[in-house]
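Using only what follows, build the 3D model:
(chains A and B)
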Protein chains: 2
Amino acid sequence: MAKEITSRLENYSQWYNDLVVKADLAEQSAVRGCMVIKPYGYAIWEKMQAVLDAEFKKKGVQNAYFPLFIPKSFFSREAEHVAGFAKECAVVTHHRLMNDPDGKGVVVDPEARLEEELIVRPTSETIIWSVYKNWIKSWRDLPLLCNQWCNVVRWEMRTRPFLRTAEFLWQEGHTAHASAAEAEAKAREMVEVYADFARKTLALPVIVGHKSPNERFAGALDTLTIEAMMQDGKALQAGTSHFLGQNFAKSFDVQFADAEGKLQYVWATSWGVSTRLMGALIMAHSDDSGLVLPPALAPIRVVLVPIYKSDEERAAVLARFEGIKAELEALGHSVKIDDRDTLRPGFKFAEWEVKGVPVRIAMGARDLAAGTAEVARRDTLSKETVPVEGIGKYVDGLLKDIQQNIYDKALAFRDGHIRKCDDWEEFKTEIQKGGFLLCHWDGTAETEQAIKDETKATIRCIPVDSVVCEEEGRDIYSGKPSHQRVVFAIAY
Amino acid sequence: MAKEITSRLENYSQWYNDLVVKADLAEQSAVRGCMVIKPYGYAIWEKMQAVLDAEFKKKGVQNAYFPLFIPKSFFSREAEHVAGFAKECAVVTHHRLMNDPDGKGVVVDPEARLEEELIVRPTSETIIWSVYKNWIKSWRDLPLLCNQWCNVVRWEMRTRPFLRTAEFLWQEGHTAHASAAEAEAKAREMVEVYADFARKTLALPVIVGHKSPNERFAGALDTLTIEAMMQDGKALQAGTSHFLGQNFAKSFDVQFADAEGKLQYVWATSWGVSTRLMGALIMAHSDDSGLVLPPALAPIRVVLVPIYKSDEERAAVLARFEGIKAELEALGHSVKIDDRDTLRPGFKFAEWEVKGVPVRIAMGARDLAAGTAEVARRDTLSKETVPVEGIGKYVDGLLKDIQQNIYDKALAFRDGHIRKCDDWEEFKTEIQKGGFLLCHWDGTAETEQAIKDETKATIRCIPVDSVVCEEEGRDIYSGKPSHQRVVFAIAY
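Presented below is the predicted three-dimensional model:
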């Protein structure tokens, strides 16, 4: 199986596409740009959802559900937002099909034209703030903290599974506050939830920072982001949290009576992560043999593969496996015994390797006699023979090691590919090699645009943690004074 | 609060609409027929999802995700299906908006017309079977058991929150099998999962049965249903499971090589329940004071309301509440202490009554001194003074009682409104009073249609459990011989 995966060196992009298919994560559908998320891929997404959802609820966020469709006129209400979002989207114009008068199949009924076209949500700020208008009357109704897990559609021209698809799954949080300070603090709190999730669950080191004004969400006063580095040195924006000021409150006339009875506009945030995280997960950790999954997200943490020459041997090994499985499940780990009788062990090994199962335990007649098993870890591809006695505890520790090791490896890779750069000629060469360049920037949109035009590099963020950036210097392009370094990279 | 709810006797339909709003479950949105599910309503739906999802997984079903959009041509592939489903639906015709040349807002870009229109899924058999074609090659790939939780859209003319909305949330299971017998058994197994869920979790007695051919799902050879009775005596179809034969496999050319290497078409089922269950839950159990929630689905099972005249009393009661809360949480119950200082206890009592919280505990200074608390149960609206010592165990038992009592009450109501009827004149009068009539039917679509035309009553199902129906007799309308009674009712 692994042989069919292109190597990263040969063609990183093809390696990614191969892996998505070979590891059974997703595939293209008959609908342009829309993917099918296969059961194995979806099981990983469900694990992400479960962890994030619990974190949101700890922060007092409640789930709700808002309509899929947004009236076209809503997009005209927030001027910046319309420019940023209302362009490439799916437009519903009719509500009925009819039998083709020519007798073949169905056609759109021209009589069933909608009075106002509906847009399939690309994001839900407009529809949600039109609803919040009814929910918020007084300071007692604030803060209002809602989230929804749903599908959204953006009519992307060039799509790639998980990274950029016309339809994708995500969560979008939308909060309303009585003060700017409280809303800003919430936007920051939620990006920290994402950073924490990325580090602990995805085993993905991320830099938290502000987007430059150019790269902000349409309608936001500030956008916070978590930026990760992929193995080709490109940046991937893995989650964003926006401080929206009073823009949407003003567009949809959402005011509250404060404690003195005075009417004020509400302050807002929104924040989201999507199935794009699946792309980040794949590209950050996997290798030429297939997927490498952090145990925290692996649908199967341990797979048990029996090796046998007779039915008796098979039965004896499988019986022993049941005990090991029970031991591991009692410790909270998901375990699969691969008892398929039509496949050779080597085939099974390759399959679970491609699928990134963190730990594989193999056992044959000789192991059985010796009271041992062969334990292989996916992240390092190393193997060890260990006593079956106490194997539950051993594997439990190993899984923790693997989770940490995957993170450490990604961190070492990233830190090995971040460097300061203070020379424009050097920048132009270095940026093409991948990695993050920490450079001085004069804070103007013009300079940012000029650098992008010449090199395709963008400012990924103005970091607020992970890398120290506040220092005096001169803009790498314009030479004007600068007070901080920012992260430049070529991004997905 | 409760005063604002219309009584059931006065206007059952208005009572329902009032309750949906007053209990903070859902509201209409700006988009015709699309509702907003509010946090309290969504929390109930999440509990339903959690229970069902775990049951599906126990049956070996895996979750996946398939595209929102279906190419129009797919609907022409399965002839019956197109007739049943491809009519009232949302049609996407364009993929871009542009600034209005007249300078006001946005308009649809006429250049961005799709080559083939896309239909927002009303159900996903067609898109899923187009995908299964790639997943199924051999008998080893079967059975294939997938489910998705998603939104679907059917352009209904007359909508009501939860019961009938243009967009709704649901799960749809789609399974593929090597034999007709296995697929039929799966369709039956899944309707039993629904029946079990309805009875144990929703506290809703249901009748399991087959739909008559007229009422089958478009493209199915058999449709199994669970039918519940609402408090106005009307029937509500709460879930269906379909045996689809080889119809979709043939339309999408899905064949597998059997053990002998011979190609055969695959056998299929599909099955689903939706946010309509929320409507069933509300209408089956609630009363003129508001929602009545079975503890299994209550987002808050126990609410604690302090009664006090001074800050000291408040602090003392709240401190005692923390202990009770910990005790109940340790037993697995969700508890809320309503410590809002701006509202009177009477207001709080009414609010939690409307929201259907199963148990309310109130405590004042006198209770504190006596070591007692007032425990009120929502289902019977009765109150008792009980010792705080051991209150956790007491309430734990009470919650079990309440779950059972809500079921028993609904069952007694239903059984009091099911009767045999063998006279057509009597039928015409009786059916208008509500309830289920068990009548002989000759098995023809003509008779069924004639009865529907005259009385609006439909055959809800040909029962396979709950009521004994196999006996010889004569059709209530045609007088022709019949071998079984079926359930007639006027339905939602």
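
can you pull out the helices in chain A?
Using DSSP state H, the helices found in chain A span residues A:12-22, A:39-58, A:79-85, A:125-135, A:180-200, A:247-251, A:276-285, A:311-330, A:345-354, A:365-370, A:391-415, A:424-430, A:445-455.

what's the spacing between the residue nearest to A:Thr380 when sequence neighbours are not counted and B:Leu202?
Leaving aside its chain neighbours, A:Thr380 sits nearest to A:Asn405 (7.2 Å; criterion: CB to CB, 6 or more residues apart in numbering or on different chains). C-beta coordinates here come from the backbone N, C-alpha and C atoms, glycine included. Distance, A:Asn405 to B:Leu202, using CB to CB, to the nearest Å: 47 Å.

what do you get for A:Thr240?
Distance from A:Thr240 to B:Leu202, by CB to CB: 39 Å.

neighbour count winner among the two?
B:Leu202 (27 against 24; other CB atoms under 10 Å in any protein chain shown).

Tell me the confidence at the residue nearest to the more buried one when sequence neighbours are not counted?
Nearest residue to B:Leu202, sequence neighbours excluded (CB to CB, 6+ apart): B:Leu281, at 5.6 Å. The score at B:Leu281 is 98. That number is its pLDDT.

Count the neighbours of B:Leu281 for me.
For B:Leu281, the neighbour count with other CB under 10 Å is 28.

quick one, what contacts A:Cys118?
Careful, residue A:118 is Leu and not Cys. Contacts for A:Leu118 were tallied using CB atoms under 8 Å, 6 or more residues apart in numbering or on different chains; they are A:Phe69, A:Ile70, A:Pro71, A:Lys72, A:Val91, A:Val92, B:Val31, B:Ala90.

got a list of what the second one touches?
Counting by CB under 8 Å, 6+ apart, A:Ile70 makes contact with A:Leu118, A:Ile119, A:Val120, A:Arg121, A:Ser124, A:Thr126, A:Ile127, B:Val31.

what are the phi and psi angles of the spatially closest residue to A:Leu381 that is not a sequence neighbour?
Distance criterion CB to CB, 6+ apart; nearest residue to A:Leu381, sequence neighbours excluded, is A:Ser289 at 6.9 Å. Main-chain torsions, A:Ser289, degrees, to the nearest 10: phi -90, psi -10.

So which bits of the stretch 201-350 of chain A are right by chain B?
A:Thr342 (CB under 8 Å from any CB of the partner chain).

okay, and for the stretch 1-150 of chain A, where does confidence drop off?
Within the stretch 1-150 of chain A, the ranges that satisfy pLDDT under 70 run A:1-3, A:79, A:82, A:85-86.

What of the stretch 351-492 of chain A?
A:466, A:468.

go with 90
Scanning the stretch 351-492 of chain A for pLDDT under 90 picks out A:465-471.

For chain B, what's the nearest residue on it?
Nearest residue of the stretch 351-492 of chain A to chain B (CB to the nearest CB) works out as A:Glu351 at 13.3 Å.

so how many other residues sit close to that residue?
With other CB under 10 Å as criterion, A:Glu351 counts 21.

With A:Val51 instead?
The burial count for A:Val51: 17, using other CB under 10 Å.

Could you measure from the nearest residue to A:Lys383 once chain neighbours are set aside over to A:Ser286?
Excluding the flanking residues, the one nearest A:Lys383 by CB to CB, 6+ apart is A:Ala376, at 4.5 Å. Taking CB to CB as the measure, A:Ala376 falls 17 Å from A:Ser286.

show me what contacts A:His285?
Listed by CB under 8 Å, 6+ apart, the contact set of A:His285 reads A:Ala203, A:Val292, A:Leu293, A:Pro294, A:Asp379, A:Ile406, A:Lys409, A:Ala410.

Out of the residues you listed, who's the most crowded?
A:Leu293 (29 neighbours).

can you count the residues close to the residue lying closest to that one once chain neighbours are set aside?
Distances taken as CB to CB, 6+ apart put A:Gly356 closest to A:Leu293, at 3.8 Å, once the chain neighbours are dropped. Neighbour count for A:Gly356, taken as other CB under 10 Å: 28.

Buried residues in stretch A:203-216, which are they?
Neighbour-count burial for stretch A:203-216, counted by 16 or more other CB atoms under 10 Å in any protein chain shown, picks out A:Ala203, A:Leu204, A:Pro205, A:Val206, A:Ile207, A:Val208, A:Gly209, A:His210, A:Lys211, A:Ser212, A:Glu215, A:Arg216.

quick one: is stretch A:145-153 near chain B?
Yes - using CB under 8 Å from any CB, stretch A:145-153 comes into contact with chain B via A:Cys146, A:Cys150, A:Asn151, A:Val153.

Only the buried residues of that stretch, if you could.
Those buried within stretch A:145-153 under the rule 16+ other CB under 10 Å are A:Leu145, A:Cys146, A:Asn147, A:Gln148, A:Trp149, A:Cys150, A:Asn151, A:Val152, A:Val153.

now swap in stretch A:57-70 and tell me
A:Val61, A:Gln62, A:Asn63, A:Ala64, A:Tyr65, A:Phe66, A:Pro67, A:Leu68, A:Phe69, A:Ile70.
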